[in-house]
Structures are given as C-alpha cells and as structure tokens.
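Novice: Curious how this folds, go ahead:
(one chain, ligands or ions: 2)
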Amino acid sequence: MTLKGRCSCSAIRYELTESPLIVHACHCRDCQRITGSAFVVNMWIEKKFVRASGADPKAYRLEGGSGRRHDVFFCDTCGTYLWSRYHIVSSDCLFVRAGTLENPVAVTPDVHIFTRTKVPWLTLPKGVRAFESIYKIDDVWPAESRERLRRNAA
Ligand SMILES: [Zn+2]
Ligand SMILES: [Zn+2]
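Specialist: Ligands and ions are numbered 1, 2, ... in the order given. Sure, this is the predicted structure:
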C-alpha cells in the first residue's frame, strides 16, 4: 500500500514509498500549537522514502523544548504543515503528518508520547502504549524498524 498525501491547495503532493517506521501520536505543547489541535499524528520514516512533487516546502525552525532544533516544513501558498525534521533524531528521517494523507485512517498510532500534556478530555484507548514524555526505541519498535533505522544511519 502506497500512502499518498498533499497540502490543502495541492501545490505539494507526496507519496511514501515504504511503510512508516513507527506512527506517533504526540501530545506535546509544540505539536498542539503547530496543529492548533490536541495532538498530532506523525509517521516517522526515512527521508529517502518520501517522494515529494510540486512546489518546494518552506521551512521554519523551532527551538525544541529540550533545546534541540526542529524544522517544520509547510506549503508556502496554503500554510499546511506537511512534515518535520527533528535534529535530535540522528539519521535522516522525516515526521510526516498523517492528517495530510488522502486516507488518514490508513495509519493508526503505535504509541502516544508526551501524554503529560495531553488534554484531559481525551481518553486513550485501553492497552495502547503511552509515555509521559519520550521512550527508548529498543523498548517499543519492532525489530524490522530498528534494523531499517540502523541501515539508514549507516
Ligand atoms: Zn498548499
Ligand atoms: Zn510533539
């Protein structure tokens, strides 16, 4: 299954040529502000598997809460935020916003992070993996994704 998405005005379209390594629901304050919502659903994937076409996205650099940089990429025409790059993540990966997919129900969060700032009216599904802040990749990721990340970093 190829995941396809676009910004609101369609100036930028993209295709993911591989499945995401992992899907995060992030409840941190930065993600809440940038989406204007309660949380964001991010697909963590190697940059080489994101095939973008059309206009070049603009970048805006946020200084992350941890002091780490975070570049946000968005459409210059309609302002839709399509993906991020976190400098804390060592290899060349993007975090693509699942809300920009043509079919956003194609992915489900594997893990919820930064639940310490989750809005109180939202109850997470029973049994879902959730962390107050971040987690250790070795504790959460399937072996196949860990191997892909290792190969990408090499
Ligand atoms: Zn656009
Ligand atoms: Zn976040």
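
Novice: Going by C-alpha atoms from here, please, whenever you check contacts or count neighbours.
Specialist: Fine.

Novice: Count the residues that sit near residue 122.
Specialist: 8 (other CA atoms under 10 Å).

Novice: Residues contacting stretch 41-59, please?
Specialist: Residues outside stretch 41-59 that contact it (CA atoms under 8 Å, 6 or more residues apart in numbering): 11-26, 71-76, 92-99, 109, 149, 152.

Novice: Ligand 1 contacts on this structure?
Specialist: The chain has residues 7-9, 11, 75, 78 near ligand 1, with proximity defined as CA under 5 Å from the ion.

Novice: okay, the longest helix seen in the chain in CSV with CA atoms only?
Specialist: What stands out as the longest helix in the chain, according to DSSP state H, is helix 143-153. Output in CSV follows, covering the C-alpha atoms of helix 143-153 (Å, rounded to 0.1, in the frame of the first residue of the first chain):
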residue,chain,number,x,y,z
ALA,A,143,12.9,-5.4,15.2
GLU,A,144,12.3,-4.8,11.5
SER,A,145,12.0,-1.0,12.0
ARG,A,146,15.1,-0.9,14.3
GLU,A,147,17.0,-2.7,11.5
ARG,A,148,15.8,-0.2,8.9
LEU,A,149,16.9,2.7,11.1
ARG,A,150,20.3,1.1,11.6
ARG,A,151,20.7,0.7,7.8
ASN,A,152,19.6,4.2,7.2
ALA,A,153,22.1,5.7,9.6
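
Novice: For residue 106, see how far away residue 130 is.
Specialist: Separation of residue 130 from residue 106 (CA to CA, to the nearest Å) stands at 20 Å.

Novice: Show me the residue at the heart of the protein, geometrically.
Specialist: Ranked by distance to the mean C-alpha position of the chain (CA atoms, centre = their mean), the top residue is residue 42 at 2.4 Å.
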